[in-house]
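Undergrad: generate a structure from the sequence data that follows.
(2 chains)
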Protein chains: 2
Amino acid sequence: MTTSDLASRISNRDRRAVARAISLVENDSPEAGELLRALAPRMGHAYRVGITGPPGAGKSTLTSELTKLLRSQGKTVGIIAVDPTSPFTGGALLGDRIRMQEVSMDKGVYVRSMATRGSLGGLSAKAKDAADILDAAGFDFVIFETVGVGQSELDIAKAADTTIVVLVPESGDAVQAMKSGLMEIADFFVVNKSDREGAEQAVRALKTILTMRITHAADEWIPPVLQTTASKNIGIDKMLAEIETHRDHLESTGKLALRRKARERERVRELVEAMLRFDFWTQERSTLLERELDEIMAHKRTSFEVARELVTVSRNA
Amino acid sequence: MTTSDLASRISNRDRRAVARAISLVENDSPEAGELLRALAPRMGHAYRVGITGPPGAGKSTLTSELTKLLRSQGKTVGIIAVDPTSPFTGGALLGDRIRMQEVSMDKGVYVRSMATRGSLGGLSAKAKDAADILDAAGFDFVIFETVGVGQSELDIAKAADTTIVVLVPESGDAVQAMKSGLMEIADFFVVNKSDREGAEQAVRALKTILTMRITHAADEWIPPVLQTTASKNIGIDKMLAEIETHRDHLESTGKLALRRKARERERVRELVEAMLRFDFWTQERSTLLERELDEIMAHKRTSFEVARELVTVSRNA
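TA: Residues are numbered from 1 along each chain as shown, chains lettered A, B, ... in the order given. Reported below is the predicted structural model:
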């Protein structure tokens, strides 16, 4: 199949074509660039939602329930689930897969699990490419579901128009969210599993922390805090309403375009750096590094000196 | 003060000199490289321990208790605590600071908190430099305490000779550890807060998961699982004994030298990439990127094309 055939099948939301396209991206296939080029004019319509939070917060269940609600309103949904891989499991865990299966039997839903094999930085770029493919395929919503504690996972969450941080009522979760960088990326918070003890206190704690934030502008968005119990389908309607409210805010203030532009800027930078890295590590330089490592181990040179030498030699080559 | 004065004061474990040296590293000061060069011959004696795990597992308390035990045996300890920063707090949270203070009043202990301002990748490099400085200052042990869920935090944890993954008994923690990449880096596990319900089950779950791992070599290390209740000083002696057992294993099999070499290799690569990045983003290229961003936003070009152009133009310049 030619790239243009594939692109036109993707435009018709052909599931197999979408799957194949994401695989091309995932495998760093040379056709991926051309395909994304062909799809570019069709992109920009999907609204992107990031759902992130610490492990065990119930992100998959929330994603499934939100998807069902969107479907009941006739919206189509693409889901990109980013699960760090373990060599023990080779991918997502069974429980999540079963939960996802419920929604993924639906024709208006496309679920793709992406694993963090190899470089996490690379994953972040690939997840964004996959979102672009789903966007070009005409899905109304694209949801990124990621474990939100590492930098790369935060990068993916930030690649959304609306980013939701999911926490559980357990004591200290709000405080831990502050420590792990989740506070800064949240457009709103969801305290999930709110049928557990401590939910009210967790909401109060979050709100207290949020009031410490200094308001810089009249049109500043103050992240609300919602409660859900996704496993019982409680609060999902309010969550969707909040997504729509945030979307209206972004659109009416012109922030949506700015946010998307910042996202593309970041993306070009990531790609450039991946290319520089790839171009840099030739066989010669890798060999030179191995030789110099012995000097470092003998405490005769420092890693900084060796790095500087590798870069300088390359510049003069 | 000249670099060589500073280096000689560090060799005498002068606390203010150590603090100043780490600040030079933290602030990307140009003297940092020279200083590390001067200290290099004194490095390689400290044993490095990484203590990592999800937020709320009690890593700080474990670190404090382990430090007290090491001190009672006459060992000196340098601690590098890596806390993601929030703009709300500007650094580590009060609770941790108070806990740390207990040990940090001791002259044989040096505690340094490093915040994740700016790039996390950069932080990882800086934490390793700080460990080198503490090593050169003659501390017997250097402990990295990090939140262990993101790639960069894992990088820091991996910069240790022995890496300990701390979990709590709550259901699912072991499973979540698998998902977040912690299983792969653990030399042993500690189920902390073992006075809580579910500790035995958590230990069993971990052991079951570990038995799934295929043994490749006769001298393969199988990560043990210990129980502690750090807040009551229970199990800390066993934890230290396990560190010593693992150290003996690494030394007797020759793996310690290999591990340290792999660490330096990774470090040179990180430094090279930071330098490439720094050199690449000139004013001209940044301006070109901004211009092309408008094309991307209009869906006339893809981020990949723009990245490729930026890199190609630079190569031909």
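
Undergrad: any regions of the stretch 51-200 of chain A where pLDDT drops low?
TA: A:83-104, A:115-122, A:148-153, A:171-181 (pLDDT under 70).

Undergrad: could you rerun that using 80?
TA: Applying pLDDT under 80 to the stretch 51-200 of chain A flags residues A:54-56, A:82-106, A:115-124, A:147-158, A:170-184.

Undergrad: all strands of it, in order?
TA: A:77-83, A:109-115, A:141-147, A:162-167, A:188-191 (DSSP state E, counting those that start in this stretch).

Undergrad: tell me which residue is most central in chain A.
TA: By Cα atoms, centre = their mean, chain A has its centre lying nearest to A:Ile156, at 2.5 Å.

Undergrad: mind checking how far that residue is from chain B?
TA: A:Ile156 sits 12 Å away from chain B, going by Cβ to the nearest Cβ, to the nearest Å. C-beta: built from backbone N, CA, C; applies to glycine.

Undergrad: ok, that residue - contacts?
TA: Going by Cβ atoms under 8 Å, 6 or more residues apart in numbering or on different chains, A:Ile156 touches A:Gly50, A:Thr52, A:Val82, A:Leu123, A:Ser124, A:Ala127, A:Lys128, A:Phe144, A:Thr146.

Undergrad: grab the nearest non-local neighbour of the third one.
TA: Read it as A:Val82. Distances taken as Cβ to Cβ, 6 or more residues apart in numbering or on different chains put A:Thr146 closest to A:Val82, at 4.3 Å, once the chain neighbours are dropped.

Undergrad: out of the contacts of A:Ile156, which is nearest to chain B?
TA: Closest approach to chain B among the contacts of A:Ile156 (Cβ to the nearest Cβ): A:Lys128, at 8.3 Å.

Undergrad: so how far is A:Pro169 from A:Val203?
TA: For A:Val203, the distance to A:Pro169 equals 8 Å [Cβ to Cβ, to the nearest Å].

Undergrad: please apply the same query to A:Met275.
TA: 45 Å.

Undergrad: in the stretch 201-317 of chain A, where is pLDDT below threshold?
TA: Confidence mapping of the stretch 201-317 of chain A against pLDDT under 80 gives the ranges A:208-219, A:313-317.

Undergrad: now the lengthiest helix in chain A: how far from the chain's centre is it?
TA: For chain A, the helix with the greatest residue count under DSSP state H is helix A:255-280. Offset of helix A:255-280 from its chain centre (Cα atoms, centre = their mean, to the nearest Å): 14 Å.

Undergrad: one step back: joint contacts of A:Val203 and A:Pro169?
TA: Residues touching both A:Val203 and A:Pro169 by Cβ under 8 Å, 6+ apart: A:Val191.

Undergrad: which ones are touching the closest residue to A:Thr163 other than its chain neighbours?
TA: Among residues not flanking A:Thr163 along the chain, A:Gly50 sits closest, at 4.1 Å (Cβ to Cβ, 6+ apart). A:Gly50 is in contact with A:Ile143, A:Phe144, A:Thr146, A:Ile156, A:Ala157, A:Lys158, A:Ala159, A:Ala160, A:Thr162, A:Thr163, A:Ile164, A:Ile185, counting by Cβ under 8 Å, 6+ apart.

Undergrad: go on, A:Pro224?
TA: By Cβ under 8 Å, 6+ apart, the neighbours of A:Pro224 are A:Phe188, A:Phe189, A:Glu242.

Undergrad: quick check, the residue nearest to A:Thr163 in a helix?
TA: No. A:Gly50 is assigned strand when assessed by DSSP: H, G, I helix; E, B strand; the rest coil, not a helix.

Undergrad: beta partners for it?
TA: Counting by DSSP bridges, A:Gly50 forms beta bridges with A:Phe144, A:Thr163.

Undergrad: wait, which of the contacts of A:Pro224 is closest to chain B?
TA: Nearest member of those to chain B, counting by Cβ to the nearest Cβ, is A:Phe189, at 13.9 Å.

Undergrad: who's in contact with that closest one?
TA: Neighbours of A:Phe189 in contact, by Cβ under 8 Å, 6+ apart: A:Ile164, A:Val165, A:Val166, A:Leu167, A:Leu206, A:Pro223, A:Pro224, A:Val225, A:Leu226.

Undergrad: chain neighbours aside, what residue packs nearest to it?
TA: Leaving aside its sequence neighbours, A:Phe189 sits nearest to A:Val225 (Cβ to Cβ, 6+ apart; 4.5 Å).

Undergrad: tell me how far that neighbour lies from chain B.
TA: For A:Val225, the distance to chain B equals 15 Å [Cβ to the nearest Cβ].

Undergrad: how about the contacts made by that residue?
TA: A:Phe188, A:Phe189, A:Val190, A:Val191, A:Val203, A:Leu206, A:Lys207, A:Leu210.

Undergrad: and what of A:Leu62?
TA: If you count contacts by Cβ under 8 Å, 6+ apart, A:Leu62 has them with A:Ile51, A:Val166, A:Val190, A:Asn192, A:Thr228, A:Ala230, A:Ile236, A:Met239.

Undergrad: so which of the residues you listed is the most crowded?
TA: A:Val166 (30 neighbours; other Cβ atoms under 10 Å in any protein chain shown).

Undergrad: can you get me a residue count around the residue nearest to it when sequence neighbours are not counted?
TA: In this structure, A:Val166 finds its nearest non-sequential neighbour in A:Gly53, 3.5 Å apart by Cβ to Cβ, 6+ apart. Here the count is done by other Cβ under 10 Å, and A:Gly53 has 28 residues near it.

Undergrad: please tell me I have it right and A:Gly53 contacts A:Ile185.
TA: No. Using Cβ atoms under 8 Å, A:Gly53 makes no contact with A:Ile185, being 10.7 Å away.

Undergrad: for the residue nearest to A:Phe189, give its distance to A:Val166.
TA: Going from A:Val225 to A:Val166 by Cβ to Cβ gives 11 Å.

Undergrad: which residues do the two both contact?
TA: Shared contacts of A:Val225 and A:Val166 (Cβ under 8 Å, 6+ apart): A:Phe189, A:Val190.

Undergrad: and stretch A:128-143, what's buried?
TA: Within stretch A:128-143, the residues that count as buried by 16 or more other Cβ atoms under 10 Å in any protein chain shown are A:128-137, A:139-143.

Undergrad: of those, which pair is most distant in space?
TA: Put simply, by Cβ to Cβ the two of the buried residues of stretch A:128-143 set farthest apart are A:Asp129 and A:Asp140, 19.2 Å from each other.
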